[in-house]
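Asks: Quick one, what's the 3D model for this:
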Amino acid sequence: RKVVTAWINDLTTYLAEDKSNELLPQNDTTGPEAEISFWNRRQLTLVNVTEALSRPESRTVFGILQEHAEPDRQSDDGGILASIEESKKVLLAWRELNRSLTHSLNEAKDSARFLTRLGKAMKPCYDEDLVTIKELLPVVMNNMKMIYVLSRHYGRALRMTNLFTRITNQLVRRCKQVIYGGDSVSTIWTRDASDVVKNLIQAIGLRNEYVKQFHKAADELSKEKKAGENGADSKLAAPSYKRTFSSFNLKRIFNHFHNFIQRAEKLQDMFSAIEQYNLFIANHVDGVDALIKDFNATVRDFSLREHDLLDYKTTGFERDYVEFNVMNSKVETAVQNLISKEINSRAPIMKKID
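Replies: Down below sits the predicted model:
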């Protein structure tokens, strides 16, 4: 009885470790690889547990408990009767747990199967450029549709919200890596400004396409569901009890990406300005040397503050960004005045030529 009670306690604790029915914490920025790994490990563990419980020595333990809970002879001894009742309770608890164990194993197998397919579709999101990832988003979205419609256990609104949130996390992480030119924040300052601007524009495009493909998939599911309800043959018609993607927590899914892109747009303005002044230097524009020197000093000071430029939660960036814009405006005004002065100085000459 003690052995089976210990098994019950250990397995109950393990089964309760599944947090997939809870909304993903705000500070959890892991990608879908964490979810895939969890369900693959859970499947393996539950298979091993099931096999261990089917071994002869385990069956012997259950046989002894069964005999003790249902003895052949009745007894009037109070101590023995209490022991029998306790064994019955343990046996009943085990039977209930065994049903939960079977359900959890089927759930893990189903989830691992669908999520492994998603993992293959998501692979480019870990190492490809942003344009390639953007082109492959329909494949990822199609896998998400299949999970929601076909997975008996995983296709629930809350779990799908969490999974979409993890996909968002990975897309943001990959955008950061591409924009920075690596995992280190400091590498962005050694990159050509035009390349940084190009990557920032690609990141913005990726976010827009991600949102577009999500709503496209939601519309397709709605149409498939209506077609199924009207009797048409539809392979991806969601069961009647399932609503479409629009029922998911969209704020939770997209906010991380939206906030990230707001910061990316500010960096686009910033590095566009750097690119512009680099053109002045490359084309040897007269009279701007002092201005460019001041501007470069501003950029250098900004870089030395070592902000994680794409971490939208850092408030220090916002303050320094305002200072940068003030300096940039001064330089732009000075350049415009210089150009106007140059044009005005040539006006009399042009009149004479006319």
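
Asks: where does the stretch 251-354 of the chain dip in pLDDT?
Replies: 281-288, 339, 342-354 (pLDDT under 70).

Asks: Repeat that for the stretch 101-250 of the chain.
Replies: Within the stretch 101-250 of the chain, the stretches with pLDDT under 70 are 227-243.

Asks: can you map out the helices along it?
Replies: 124-127, 130-150, 157-180, 193-229, 250-282 (DSSP state H, counting those that start in this stretch).

Asks: and of those helices, who's closest to Ala6?
Replies: When those are ranked by proximity to Ala6, the top entry is helix 157-180, at 31.2 Å, counting by CB to CB. C-beta: built from backbone N, CA, C; applies to glycine.

Asks: send the alpha carbons of the helix or strand harbouring Leu46 over as PDB?
Replies: Using DSSP states H and E, Leu46 sits within helix 32-53. The C-alpha coordinates for helix 32-53 follow below in PDB (Å, rounded to 0.1, in the frame of the first residue of the first chain):
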ATOM      1  CA  PRO A  32       7.500  27.300 -30.000                       C
ATOM      2  CA  GLU A  33      10.600  25.100 -29.500                       C
ATOM      3  CA  ALA A  34       9.900  25.200 -25.700                       C
ATOM      4  CA  GLU A  35       6.300  23.900 -26.300                       C
ATOM      5  CA  ILE A  36       7.500  21.200 -28.700                       C
ATOM      6  CA  SER A  37      10.200  20.100 -26.300                       C
ATOM      7  CA  PHE A  38       7.800  19.900 -23.400                       C
ATOM      8  CA  TRP A  39       5.300  17.600 -25.200                       C
ATOM      9  CA  ASN A  40       8.000  15.400 -26.600                       C
ATOM     10  CA  ARG A  41       9.500  14.900 -23.200                       C
ATOM     11  CA  ARG A  42       6.100  14.400 -21.600                       C
ATOM     12  CA  GLN A  43       5.200  11.800 -24.200                       C
ATOM     13  CA  LEU A  44       8.500   9.900 -23.600                       C
ATOM     14  CA  THR A  45       8.100  10.100 -19.800                       C
ATOM     15  CA  LEU A  46       4.500   8.800 -19.900                       C
ATOM     16  CA  VAL A  47       5.400   6.000 -22.300                       C
ATOM     17  CA  ASN A  48       8.200   4.900 -19.900                       C
ATOM     18  CA  VAL A  49       5.900   5.100 -16.900                       C
ATOM     19  CA  THR A  50       3.200   3.100 -18.600                       C
ATOM     20  CA  GLU A  51       5.800   0.400 -19.600                       C
ATOM     21  CA  ALA A  52       7.200   0.300 -16.100                       C
ATOM     22  CA  LEU A  53       3.700  -0.200 -14.600                       C
END
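
Asks: Surely His271 touches Lys198?
Replies: If you look again at residue 271, you'll see it is Phe, not His. No - counting by CB atoms under 8 Å, Phe271 does not reach Lys198; the two are 9.7 Å apart.

Asks: Those two: which is more packed in?
Replies: Phe271 (25 against 18; other CB atoms under 10 Å).

Asks: For that one, give me its contacts.
Replies: Neighbouring residues of Phe271 by CB atoms under 8 Å, 6 or more residues apart in numbering: 193, 196-197, 200.

Asks: out of those, who has the most neighbours?
Replies: Leu200 (26 neighbours).

Asks: Pull out the buried residues from stretch 45-56.
Replies: 46, 49, 53 (16 or more other CB atoms under 10 Å).

Asks: roughly how far is that stretch from the heart of the chain?
Replies: In this view, stretch 45-56 has its centroid 34 Å away from the chain centroid, taken as CA atoms, centre = their mean, to the nearest Å.

Asks: cool, and stretch 205-212?
Replies: Centroid displacement of stretch 205-212 relative to its chain, using CA atoms, centre = their mean, is 14 Å.

Asks: mind listing what's buried in it?
Replies: Taking 16+ other CB under 10 Å as the criterion, stretch 205-212 shows 206-207, 209-210 as buried.

Asks: Now render the buried residues of stretch 45-56 as CSV, adding distance to Val90 and pLDDT.
Replies: As requested, the buried residues of stretch 45-56 are arranged in CSV below (distance: CB to CB, whole Å; pLDDT from 0 to 100):
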residue, distance to Val90, pLDDT
Leu46, 21, 93
Val49, 18, 89
Leu53, 15, 81
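
Asks: and of the residues you listed, the nearest to Thr12?
Replies: Within the buried residues of stretch 45-56, proximity to Thr12 (CB to CB) peaks at Val49, which comes in at 12.2 Å.
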